[in-house]
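K.L.:
Let's see this in three dimensions:
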Amino acid sequence: MVSSDLPDTPTQPVIETIGGITFEDPYTWLEEDSDRTLAWQAAQNAAALGRIQAWPGYDVLREQVTPYVGDGFIAAPQHYGDNWFGLRFAETGPQLVVTSQPAGSGRVLVDTSATDDAGGPTSLDWFYPSPDGRLVAYGISFNGDEQSVLHIVEVDSGRVLDDRIPFMSAAIVSWMPDSRSFWCNAGLAPDFENADKHLLFHTVGQARQSPPEPLTVREQYCVFPQVSADGRYVAAVTSEMDLRPDFIKSQTDGDWRPFLEGLGSYAFGAFAGDDYIAVTMNGAPHGRLVRIPIATGADPSTWTELVAESDAVMSNVVRAGAYLILTQYRESYAEIRVFDLQGTPISDVDLPGRRAVLQLGLLGHYQPATPNLADLTVHPAEGEFTFVFSSPTRSPATYRYDIEQRELAELSPPRVVRSDLVSEDRHAIAPDGHRVHYTLVHRADLGLGSQHPTLLYGYGGWNISFVPGGLGIFTPFVDAGGIFVMAHLRGGGEYGADFWQDGRLERKQHTFDDLYAVSEALIAAKTTTRARLAVVGASNGGLLTGAAVTQRPDLFGVVVSMVPLYDMLKFERDPYTATCVLEYGNPHDPRDAKWLYAYSPYHNVREADYPATLIYCGTHDMRCWPWQSRKLAARLQAANRGESPVLLRAADDGGHMSVMTVPERVAEWLSFLMSELHVDPVQRSQ
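P.N.:
Sure, this is the predicted structure:
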């Protein structure tokens with residue numbers, strides 16, 4: 001692409017000092033959504049879409065990715081009362097369905113296509129059935145902005161009640177046993193203005209929203225309720241990374257008191273009478289299972305260890321009546337173990353293979369630390385649990401495990417099983433000697449020494465484990481002869497608390513170094529070449545790929561960097577990303593500013609021959625605002641001395657999650673990647 005295809009981008013240099021660092025910023029004008037900026041953004045969009053949609057393979061790829069996006073909405077059916085609840089992906093979008101059996105087509109309760117309005121396309125963000133299965137609380141938002149509004153639907157009649165609670169992004173609804181009231185977390189304003197959340201108590205049918213609980217927590221943007229099954233206790237669980245119930249309240253005396261507030265490490269699980277049973281990283285970076293007395297939780301000497309730390313990394317524990325279900329990962333592969341409430345082993349579940357277990361396929365390879373709807377690995381009920389299993393050679397399928405009978409039943413089979421694909425594990429060595437694990441997926445007929453087009457996918461942050469689940473939206477690339485590589489980078493949670501700590505704050509460069517080590521190993525093994533290697537990342541992975549294109553433009557042929565943070569000295573100016581100081585550091589602290597400035601993609605652009613680069617953002621992203629993408633795109637375009645394009649795509653109806661969950665969005669960035677690698681989609685019979 002020649003420069004005339006892109007809009008003119010004037011510089012307006014401003015001298016700024018942040019955290020003791022003085023620098024010149026030529027593109028501060030792109031930080032604001034002025035008419036001038038939005039016109040520039042529209043011109044950038046036109047240039048990007050013109051190139052992407054002109055590729056002959058675009059329409060074919062759009063058709064191919066759609067069923068794989070749909071696979072992401074396969075959810076473990078949830079059993080409440082006499083009903084089973086789940087998700088279904090229709091041509092019009094995801095639907096919430098109810099059935100009388102754990103498998104079956106069911107009846108539609110919520111259809112997102114029926115709620116579209118002038119606000120834009122509707123997202124079904126979350127749902128929580130009541131214990132008796134007669135009501136479902138659910139959240140909808142528009143244009144991908146995640147500003148969920150709580151609704152309640154009556155299951156038998158399908159009637160949507162009048163109850164509404166706004167500003168419930170990433171919400172948890174924890175029902176009381178009476179199925180007529182619940183605790184939830186909600187904001188007092190849109191996340192674009194104030195990201196803080198507060199706990200509320202709501203009774204179904206009440207006319208006015210309850211005032212927030214008078215409780216201040218360590219991470220106010222991420223606090224959610226957890227109600228005990230008997231309704232005697234409610235906990236205020238805090239944090240997106242090292243969560244724990246910091247405060248607890250007896251619902252008979254009405255007072256909040258500290259519980260695990262000063263623990264300083266992860267501890268999350270389930271109530272059991274007057275105890276709290278949790279996986280904790282306290283004194284065990286791989287995790288151990290403990291029983292914590294509610295009366296003396298602040299004193300670890302009163303805890304009872306139920307399951308000791310091992311070489312496996314414990315993920316989470318849930319309670320299914322008289323049983324505990326523990327999910328753990330060994331070398332990034334899932335294991336499920338069942339214990340009684342005293343920690344006595346009952347059974348180890350014989351999974352269909354060595355891969356990923358999730359409650360919902362939506363996040364694909366992500367296994368976050370925070371137990372939201374999409375994040376717990378299994379869904380428990382009395383004496384049973386359900387889950388989604390997938391692998392690079394099997395699309396997501398749902399399963400039910402009967403604990404008493406020790407029987408695993410397949411509820412819905414995988415849509416696709418690929419005996420013609422191969423998955424294998426390899427390792428690279430980072431500059432400091434760290435051994436970096438990565439997973440390859442490719443067609444069995446490919447010779448790995450023949451330098452194939454390769455897509456390297458990474459994240460490495462926020463204690464989120466990157467696990468080898470279903471290949472999903474990357475399948476068309478592999479079908480066309482490409483090699484998919486998942487890198488397990490420091491900063492993630494795959495190998496425990498120490499692994500996370502070694503890739504955050506002042507050690508963040510380790511995440512990037514791990515990525516480069518994998519890239520160089522792939523090239524050295526003649527799996528690929530620099531020109532045929534693409535790197536892809538979103539969110540924290542957008543920061544990762546932003547660092548990659550600015551630190552090592554020589555190492556990649558294509559970069560796709562999505563919904564990112566790039567200006568690491570200004571990211572805290574926006575309400576939600578102000579909380580990112582916990583993972584990255586505070587740019588206003590001179591100590592932190594030094595390491596942030598050292599890797600900040602925006603501040604490290606130099607004149608170079610840059611690889612073909614697509615920066616992709618959503619204009620309604622409440623997490624990573626589009627000004628971040630605008631500024632890096634402008635600076636890279638000005639500094640690019642090569643012939644490869646540097647494009648900006650800002651989706652007007654997109655948010656943070658849209659890049660992975662909307663077929664049109666996926667087709668756009670994947671088309672760019674495949675066209676630049678000269679990989680054409682192939683037709684494959686299912």
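K.L.:
measure stretch 198-207 end to end?
P.N.:
End-to-end distance for stretch 198-207, by Cα to Cα, to the nearest Å: 19 Å.
K.L.:
for that stretch, what is the average pLDDT?
P.N.:
Across stretch 198-207, pLDDT averages out at 96.
K.L.:
With stretch 155-170 instead?
P.N.:
Averaged across stretch 155-170, the pLDDT comes to 96.
K.L.:
what about it, distance to the chain center?
P.N.:
The chain centre lies 24 Å from the centre of stretch 155-170; the measure is Cα atoms, centre = their mean, to the nearest Å.
K.L.:
how long is it end to end?
P.N.:
So stretch 155-170: terminal residues 23 Å apart, Cα to Cα.
K.L.:
what about P553, which helix or strand?
P.N.:
Following DSSP states H and E, one finds P553 outside all helices and strands.
K.L.:
Who are the contact partners of it?
P.N.:
Residues in contact with P553, defined by Cβ atoms under 8 Å, 6 or more residues apart in numbering, are A608, D609, Y610, P611. The way it works is simple: take the backbone N, C-alpha and C, and place the C-beta from them, glycine included.
K.L.:
Following element in sequence after the longest helix along the chain, please.
P.N.:
Looking across the chain with DSSP state H, the single longest helix is helix 35-54. As assigned by DSSP H and E, the chain's next helix or strand after helix 35-54 is helix 58-71.
K.L.:
Quick check: next helix or strand after that next one?
P.N.:
Criterion used, DSSP H and E; the element after helix 58-71 is strand 78-80.
K.L.:
Let me know the secondary structure of the nearest residue to S130 once chain neighbours are set aside.
P.N.:
Among residues not flanking S130 along the chain, S179 sits closest, at 3.9 Å (Cβ to Cβ, 6 or more residues apart in numbering). Secondary structure, DSSP: H, G, I helix; E, B strand; the rest coil: S179 is coil.
K.L.:
hang on, isn't S179 packed against V136?
P.N.:
No. Checked against Cβ atoms under 8 Å, the pair S179 and V136 is beyond contact range at 10.8 Å.
K.L.:
what touches both of the two?
P.N.:
Joint contacts of S179 and V136 (Cβ under 8 Å, 6+ apart) are S130.
K.L.:
Compare the two and say which one has the larger neighbour count.
P.N.:
Taking neighbours as other Cβ atoms under 10 Å, S179 and V136 compare with V136 leading, 23 against 17.
K.L.:
Walk me through the domains of the chain.
P.N.:
By the assignment in automatic domain parsing, the chain contains the domains 3-66+449-676, 74-214.
K.L.:
Could I get the ones you listed in JSON lines, plus columns for distance to G353?
P.N.:
Converted to JSON lines, those look like this (distance: least, Cβ to Cβ, whole Å):
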{"stretch": "domain 3-66+449-676", "distance to G353": "10"}
{"stretch": "domain 74-214", "distance to G353": "17"}
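K.L.:
Please identify which of the ones you listed is closest to M241.
P.N.:
domain 3-66+449-676 (4.4 Å; Cβ to Cβ).
K.L.:
tell me the average confidence for that closest one?
P.N.:
For domain 3-66+449-676, mean pLDDT is 95.
K.L.:
sorry, back to before: got a list of what the residue nearest to S130 touches?
P.N.:
Contacts for S179 (Cβ under 8 Å, 6+ apart) come out as S130, P131, D132, R134, L135.
K.L.:
In terms of pLDDT, where does it sit?
P.N.:
Looking at S179, the pLDDT reads 98.
K.L.:
now E384
P.N.:
In this model, E384 is scored at 96, pLDDT.
K.L.:
Can you tell me which of the contacts of P553 are classed as buried?
P.N.:
Y610, P611 (16 or more other Cβ atoms under 10 Å).
K.L.:
Run the angle between the longest helix of the chain and helix 58-71 for me.
P.N.:
Taking axes from the mean of the first three to the mean of the last three Cα atoms, to 10 degrees, one finds helix 35-54 and helix 58-71 inclined to each other by 100 degrees.
K.L.:
From the chain's centroid, how far away is helix 35-54?
P.N.:
Counting by Cα atoms, centre = their mean, helix 35-54 comes out at 28 Å from the chain centroid.
K.L.:
What of stretch 214-229?
P.N.:
Relative to its chain's centre, stretch 214-229 lies at 20 Å (Cα atoms, centre = their mean).
K.L.:
How about stretch 522-536?
P.N.:
Relative to its chain's centre, stretch 522-536 lies at 26 Å (Cα atoms, centre = their mean).
K.L.:
Please name the nearest non-neighbouring residue to V69.
P.N.:
P663 is the one closest to V69 (Cβ to Cβ, 6+ apart), at 4.9 Å.
K.L.:
wait, isn't the one you found in contact with Q64?
P.N.:
No. Taking Cβ under 8 Å as the definition, P663 is not a contact partner of Q64, at 9.4 Å.
K.L.:
So between those two, which is more surrounded?
P.N.:
Q64 (24 against 19).
K.L.:
residues of stretch 558-578 that come out buried?
P.N.:
558-572, 574-577.
K.L.:
Equivalent analysis for stretch 383-401, please.
P.N.:
For stretch 383-401, by 16+ other Cβ under 10 Å, it's 384-401.
K.L.:
Please save the CA atoms from it in CSV.
P.N.:
The C-alpha coordinates for stretch 383-401 follow below in CSV (Å, rounded to 0.1, in the frame of the first residue of the first chain):
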residue,chain,number,x,y,z
GLY,A,383,-24.2,-35.1,43.0
GLU,A,384,-23.1,-34.2,39.5
PHE,A,385,-21.4,-31.7,37.3
THR,A,386,-21.2,-30.7,33.7
PHE,A,387,-18.4,-29.3,31.6
VAL,A,388,-17.2,-28.5,28.0
PHE,A,389,-14.2,-30.5,26.7
SER,A,390,-12.3,-29.6,23.6
SER,A,391,-8.9,-30.1,22.0
PRO,A,392,-7.1,-28.9,18.9
THR,A,393,-8.5,-31.9,17.1
ARG,A,394,-12.0,-31.9,18.6
SER,A,395,-14.5,-29.0,18.7
PRO,A,396,-16.2,-28.4,22.0
ALA,A,397,-18.5,-31.1,23.4
THR,A,398,-20.5,-31.2,26.6
TYR,A,399,-20.3,-33.9,29.3
ARG,A,400,-22.1,-34.8,32.5
TYR,A,401,-20.4,-36.7,35.3
